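Participant: here is my input, please return the structure:
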Amino acid sequence: MNKIDLPNPVPIFRGAVQKATYKQQLVPRYRTNPAIEALPLILSAADSAKLLAYYPELVPNAQELSPEIRMHLIMDALHFVQPLPIHIELEQRVSRIIRDSYVGRDPLAKDHWINLDQSVSAILKNGGIPMPNSNVNGFSIIGIPGVGKTTGIERVLLLTPQVIHHESYAGKPFNRIQLAWVKLTCPHDGSVKALCLEFFRVVDGVLDTRYFRDYAGEGRRTVDELIANMWRVAWIHCLGLLVIDEIQHLNQAKSGGAEKMLNFFLQLMNTLGVPIMTIGTFAAMELFQRGLRQIRRSCGQGDLVWDAMPNDDVWRLLIESLWKFQYTRFPVPLTQEFIDALHFESAGIVDFAVKIFLLAQARAIATGTERITLAIIRSVAKDSLRLAQPALHAIRTGDMSNVSLMSDLHPIDFVSAVRQIRKTVLLQTLSEGSYAASDVNAKGTVPPATGINGGEVMAVEPAQPLPAQSVRQPPKPRRPKSPPSSSKCLLVQQVDAGVSKGMSPHDALGQAGLIQPLFKFQLSPATA
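Facilitator: All right, here's what the predicted structure looks like:
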């Protein structure tokens with residue numbers, strides 16, 4: 001027997017677990033259904049925005065802290081979430097489709113368990129049958145990498161508890177563990193079968209069950225058998241929504257082509273009676289375009305294209321909220337020039353805009369400039385987005401004919417970019433620091449280094465006396481350089497020369513060939 005092991009499974013995305021409390025429903029068709037009444041109350045747009053927002057805590061008087069501490073603080077804003085209209089729309093869609101799907105699947109219905117056995121038998125015999133009285137309205141989200149699709153849907157899902165434990169309803173025993181939603185990440189280079197196996201792995205991780213062992217078998221199950229077993233698990237646990245992220249990873253060759261994959265999703269919705277939300281980049285566009293007629297039948301909520309943001313009032317709202325997280329010594333007020341510069345350099349992609357803003361601060365702190373400037377914003381964007389420029393140009397011009405450019409648009413490796421900025425400045429510090437050869441004292445020992453706040457920096461090993469020969473030997477005569485500069489290293493000389501010509505420190509070092517573009521030093525996520 002060959003044991004099934006999914007290669008490099010991604011971490012399971014989990015939500016809250018709570019005991020069922022039933023709420024009065026204002027919508028008549030939602031009443032007397034415990035799966036619906038156990039859900040949170042329907043949110044207003046204002047309440048949804050408050051719950052979706054996340055603003056890292058601002059540290060008072062942060063500008064007075066050391067550069068090292070402030071370099072840590074700027075990382076906090078990577079988790080910043082500003083609710084936008086598209087987030088509110090997404091929350092309302094998810095709220096509707098979960099409740100609609102339960103209308104045709106009342107767990108208190110007399111024929112509830114009879115339908116389970118009959119439907120599983122029919123799936124195995126006929127390869128799937130439509131659910132009677134089902135209200136399945138799935139939809140797809142397609143967008144450019146970095147616009148916030150995954151972050152947005154995860155924030156929305158967390159507004160609904162994932163696992164709800166029922167014990168009694170209306171004074172009668174009702175013992176059930178409800179799964180309101182499950183989020184899968186499509187396996188890389190995966191087949192439809194691998195996606196089915198991922199479903200059992202995630203459900204087992206959330207509920208601490210053994211469905212993978214019992215229903216996935218030892219690798220001998222067919223796709224129809226796996227779908228039947230998925231239907232069984234979804235029915236037992238009243239699954240309300242199945243979310244499949246990174247759908248572009250599905251391998252059409254392994255799955256039998258785009259048509260079979262489309263039929264697979266339609267079969268899942270028809271047999272499980274559960275709405276399916278698929279999320280992907282423009283690389284998945286070919287898959288969806290081939291079966292647009294079938295998709296329209298299953299997408300009652302309408303597809304959602306999550307595109308780059310235009311430079312409008314919504315963009316201004318985003319940047320105004322982001323701009324509060326300044327940790328440079330001299331914060332600068334937000335102007336229209338900064339708003340326009342961030343939009344141009346990021347092409348309206350939120351992930352790029354946030355990271356450019358943070359990298360600009362990192363460079364300003366590291367170089368001692370200590371304020372954000374337009375020149376620094378353009379400089380870090382040039383370094384960090386070098387490989388993305390063809391795709392960004394296509395977004396700016398509206399020429400989306402080459403979809404492959406969008407599929408190759410990778411997020412900024414923020415950690416590697418900060419590391420390179422720090423590396424340049426630390427090299428300068430070491431060149432000028434106490435361990436330079438010119439600072440060796442008469443006894444041949446190296447004096448202790450001085451920290452930023454005047455304290456001593458403890459060496460890793462005690463300083464050892466240099467050999468007597470090295471102390472007594474007179475230095476070799478050197479030809480003086482013009483202009484002489486015994487107190488400044490080469491890096492500082494180049495920076496001073498560039499600043500005198502109106503250049504930024506970074507551009508001055510780059511022109512002299514003393515630093516290289518960031519992409520030459522970037523590490524993959526696995527080795528960063």
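Participant: now do the strands in this protein.
Facilitator: Chain-ordered strands for the chain, with DSSP state E as the definition, fall at 17-19, 139-143, 163-169, 172-179, 182-185, 242-245, 276-280, 304-306, 449-450, 456-457.
Participant: mind giving me the packing neighbours of the fifth one?
Facilitator: Packing contacts for strand 182-185, counted by 3 or more Cβ pairs under 8 Å, 6 or more residues apart in numbering; DSSP states H and E, involve helix 149-157, helix 192-207, strand 242-245. Backbone N, C-alpha and C define where each C-beta goes, glycine included.
Participant: can you give the strand pairings for the shortest one, parallel or anti for each?
Facilitator: Each strand pairing with strand 242-245, determined using DSSP bridges, is listed with its direction: strand 182-185 (parallel), strand 276-280 (parallel).
Participant: contacts for that strand?
Facilitator: Residues from elsewhere that reach strand 242-245, judged by Cβ atoms under 8 Å, 6 or more residues apart in numbering: 149-150, 153, 157, 181-186, 195, 199, 234, 268, 272, 274-280.
Participant: with just CA atoms, put that strand into CSV.
Facilitator: Written as CSV, here are the backbone C-alpha positions of strand 242-245 (Å, rounded to 0.1, in the frame of the first residue of the first chain):
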residue,chain,number,x,y,z
LEU,A,242,-15.7,26.2,0.9
VAL,A,243,-13.0,28.6,-0.1
ILE,A,244,-10.2,27.5,-2.5
ASP,A,245,-7.3,29.9,-2.7
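Participant: coming back round to it: got the helices and strands packed on strand 182-185 as a markdown table, with mean neighbour count and distance to Lys50 columns?
Facilitator: As requested, the helices and strands packed on strand 182-185 are arranged in a markdown table below (neighbours: other Cβ atoms under 10 Å; distance: least, Cβ to Cβ, whole Å):
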| stretch | mean neighbour count | distance to Lys50 |
| --- | --- | --- |
| helix 149-157 | 20 | 12 |
| helix 192-207 | 21 | 27 |
| strand 242-245 | 23 | 23 |
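Participant: Lys19 is nearest to which of the ones you listed?
Facilitator: helix 192-207 (15.2 Å; Cβ to Cβ).
Participant: quick one, the closest one and strand 163-169 angle?
Facilitator: Orientation check (axes from the mean of the first three to the mean of the last three Cα atoms, to 10 degrees): helix 192-207 against strand 163-169 gives 60 degrees.
Participant: what mean pLDDT does helix 192-207 have?
Facilitator: Helix 192-207 shows an average pLDDT of 92 in the prediction.
Participant: ok, now stretch 109-125?
Facilitator: Model confidence over stretch 109-125, given as mean pLDDT, is 63.
Participant: and stretch 169-176, by the same measure?
Facilitator: Model confidence over stretch 169-176, given as mean pLDDT, is 92.
Participant: in it, what's buried?
Facilitator: When neighbours are counted by 16 or more other Cβ atoms under 10 Å, the buried residues of stretch 169-176 are found to be Tyr169, Arg176.
Participant: so where's the stretch 1-150 of the chain uncertain?
Facilitator: Residue ranges of the stretch 1-150 of the chain with pLDDT under 70: 1-8, 111-137.
Participant: all the helices of it, residue numbers only.
Facilitator: Counting by DSSP state H, counting those that start in this stretch, the stretch 1-150 of the chain has helices at residues 34-37, 45-52, 67-76, 85-103, 112-126, 149-157.
Participant: deepest-packed of those helices, please.
Facilitator: Neighbour counts (mean count of other Cβ atoms under 10 Å) averaged over each of these peak at helix 34-37, with a mean of 22.
Participant: convert the C-alpha atoms of that one to PDB, please.
Facilitator: Listed next in PDB are the C-alpha coordinates belonging to helix 34-37 (Å, rounded to 0.1, in the frame of the first residue of the first chain):
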ATOM      1  CA  PRO A  34     -30.200  26.100  13.900                       C
ATOM      2  CA  ALA A  35     -27.300  26.200  11.400                       C
ATOM      3  CA  ILE A  36     -28.300  29.800  10.500                       C
ATOM      4  CA  GLU A  37     -29.500  30.900  13.900                       C
END
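Participant: and that helix, what does it pack onto?
Facilitator: Under the contact definition 3+ Cβ pairs under 8 Å, 6+ apart, helix 34-37 sits against helix 85-103, strand 172-179.
Participant: let's go with 10 Å and repeat that
Facilitator: In terms of contact count using 3 or more Cβ pairs under 10 Å, 6 or more residues apart in numbering; DSSP states H and E, helix 34-37 is assigned the packing partners helix 85-103, strand 163-169, strand 172-179.
Participant: with distance to Pro56 added, can I get the ones you listed in a markdown table?
Facilitator: Formatted as a markdown table, the helices and strands packed on helix 34-37 follow (distance: least, Cβ to Cβ, whole Å):
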| stretch | distance to Pro56 |
| --- | --- |
| helix 85-103 | 18 |
| strand 163-169 | 28 |
| strand 172-179 | 31 |
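Participant: for Leu250, which of the ones you listed is the nearest?
Facilitator: Closest to Leu250 of the helices and strands packed on helix 34-37 is helix 85-103 (Cβ to Cβ; 21.8 Å).
Participant: now mean neighbour count and distance to Leu78 too, for the strands paired with strand 242-245, in TSV please.
Facilitator: What follows is these, written out as TSV (neighbours: other Cβ under 10 Å; distance: least, Cβ to Cβ, whole Å):
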stretch	mean neighbour count	distance to Leu78
strand 182-185	23	20
strand 276-280	24	21
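Participant: export those strands as TSV, with columns for distance to Gln493 and mean pLDDT.
Facilitator: As requested, the strands paired with strand 242-245 are exported to TSV (distance: least, Cβ to Cβ, whole Å; pLDDT from 0 to 100):
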stretch	distance to Gln493	mean pLDDT
strand 182-185	51	94
strand 276-280	51	88
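Participant: could you dump these to CSV with distance to Val380?
Facilitator: Shown next, in CSV, are these (distance: least, Cβ to Cβ, whole Å):
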stretch, distance to Val380
strand 182-185, 30
strand 276-280, 29
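Participant: this completes my enquiry, with thanks.
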